[in-house]
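curious how this folds, go ahead:
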Amino acid sequence: MALYRLTHDALFNCTVWLADIDDFGVFNAVYREFFKEGRYPTRSTMAVKDLAAGAQIEIECIAYNPKTNSRLGARSPTSFSQ
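Reported below is the predicted structural model:
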């Protein structure tokens with residue numbers, strides 16, 4: 001399997017699962033800081049009852065690699081604090 005190094009600009013879609021929908025404001029603020037103004041990937045966000053390993057947030061991202069003309073996906077359960 002090849003390793004690809006892409007910038008945040010390559011991300012075009014993110015799916016986000018929050019263990020607590022009340023964390024949406026905090027998540028949204030971090031999301032806006034993480035990406036360049038006007039280059040926010042499309043996003044679907046939903047609340048779920050539980051996430052693996054007690055995570056508070058899970059994010060799945062899809063990126064486009066122009067060098068290979070292909071899409072790449074990654075999913076990572078993560079915790080964050082307010």
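
mind giving me the packing neighbours of the helix or strand hosting residue 26?
Per DSSP states H and E, residue 26 falls inside helix 24-34. Counting contacts by 3 or more Cβ pairs under 8 Å, 6 or more residues apart in numbering; DSSP states H and E, helix 24-34 is packed against strand 11-18, strand 42-47. Glycine gets a C-beta too; all of them are placed from N, C-alpha and C.

any idea which of those strands is most buried?
strand 11-18 (a mean of 18; mean count of other Cβ atoms under 10 Å).

that one packs against which elements?
helix 24-34, strand 42-47, strand 57-65.

buried ones in the first one?
Judged by neighbour count using 16 or more other Cβ atoms under 10 Å, the buried positions of helix 24-34 are 26-27, 31.

and the direction of it versus that of strand 57-65, what angle?
Helix 24-34 runs at 30 degrees relative to strand 57-65, counting by axes from the mean of the first three to the mean of the last three Cα atoms, to 10 degrees.

can I get helix 24-34 as CSV, trimmed to CA atoms?
Backbone C-alpha positions of helix 24-34 (Å, rounded to 0.1, in the frame of the first residue of the first chain) are rendered in CSV as follows:
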residue,chain,number,x,y,z
PHE,A,24,-21.3,20.8,18.0
GLY,A,25,-20.4,24.5,18.7
VAL,A,26,-17.0,23.5,20.0
PHE,A,27,-16.4,21.1,17.1
ASN,A,28,-17.6,23.7,14.5
ALA,A,29,-15.2,26.3,16.0
VAL,A,30,-12.2,23.9,15.7
TYR,A,31,-13.3,22.8,12.2
ARG,A,32,-13.3,26.5,11.0
GLU,A,33,-9.7,26.9,12.4
PHE,A,34,-8.4,23.7,10.9
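
average pLDDT across that helix?
Helix 24-34 comes out with an average pLDDT of 93.

kindly report the same for the second one.
The average of the pLDDT scores along strand 42-47 is 95.

by contact count, what packs against that strand?
strand 11-18, helix 24-34.

distance to residue 54 added to those, as a markdown table?
Conversion of the helices and strands packed on strand 42-47 to a markdown table gives the following (distance: least, Cβ to Cβ, whole Å):
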| stretch | distance to residue 54 |
| --- | --- |
| strand 11-18 | 13 |
| helix 24-34 | 17 |
